[in-house]
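Trainee: quick one: sequence plus predicted model below, questions after.
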Amino acid sequence: MKNKNEKLSNEIKVLRKENLKMKRLLSQKRSAETSTADTTP
């Protein structure tokens with residue numbers, strides 16, 4: 001049982017890291033889109 005819990009917590013850590021990466025990418029994409037939208041007449 002302990003082994004299973006460790007495995008799950010490791011998976012959660014990995015998923016959280018991935019989630020953070022995705023959020024950063026999304027925010028970068030959004031800021032890039034808004035900055036390009038601002039320059040368009």
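Mentor: Now that the structure is in, tell me what you want to look at.

Trainee: so where is the protein shaky, pLDDT-wise?
Mentor: 36-41 (pLDDT under 70).

Trainee: at 90 instead, please
Mentor: Applying pLDDT under 90 to the chain flags the ranges 1-2, 29-41.

Trainee: from the centroid of it, which residue is nearest?
Mentor: Closest residue to the average C-alpha location of the chain: M22 at 2.5 Å, with C-alpha atoms, centre = their mean.

Trainee: tell me which element that one falls in.
Mentor: helix 2-39 (DSSP states H and E).

Trainee: now for that helix, which elements pack on it?
Mentor: Here helix 2-39 touches no other helix or strand, going by 3 or more C-beta pairs under 8 Å, 6 or more residues apart in numbering; DSSP states H and E. Quick note: C-beta positions are derived from backbone N, CA and C, even for glycine.

Trainee: distance from that helix to the middle of the chain?
Mentor: 1 Å (C-alpha atoms, centre = their mean, to the nearest Å).

Trainee: which positions within that helix qualify as buried?
Mentor: Residues of helix 2-39 include none that count as buried (16 or more other C-beta atoms under 10 Å).

Trainee: output stretch 8-20 as CSV, restricted to C-alpha atoms.
Mentor: The C-alpha coordinates for stretch 8-20 follow below in CSV (Å, rounded to 0.1, in the frame of the first residue of the first chain):
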residue,chain,number,x,y,z
LEU,A,8,0.7,8.2,-6.8
SER,A,9,2.4,11.2,-5.1
ASN,A,10,5.2,11.0,-7.6
GLU,A,11,2.7,11.1,-10.4
ILE,A,12,1.0,14.1,-8.8
LYS,A,13,4.3,15.9,-8.6
VAL,A,14,5.0,15.3,-12.3
LEU,A,15,1.5,16.4,-13.2
ARG,A,16,1.8,19.6,-11.2
LYS,A,17,5.1,20.4,-13.0
GLU,A,18,3.4,19.8,-16.3
ASN,A,19,0.5,21.9,-15.3
LEU,A,20,2.8,24.8,-14.4
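
Trainee: and K4, how far from L25?
Mentor: 32 Å (C-beta to C-beta, to the nearest Å).
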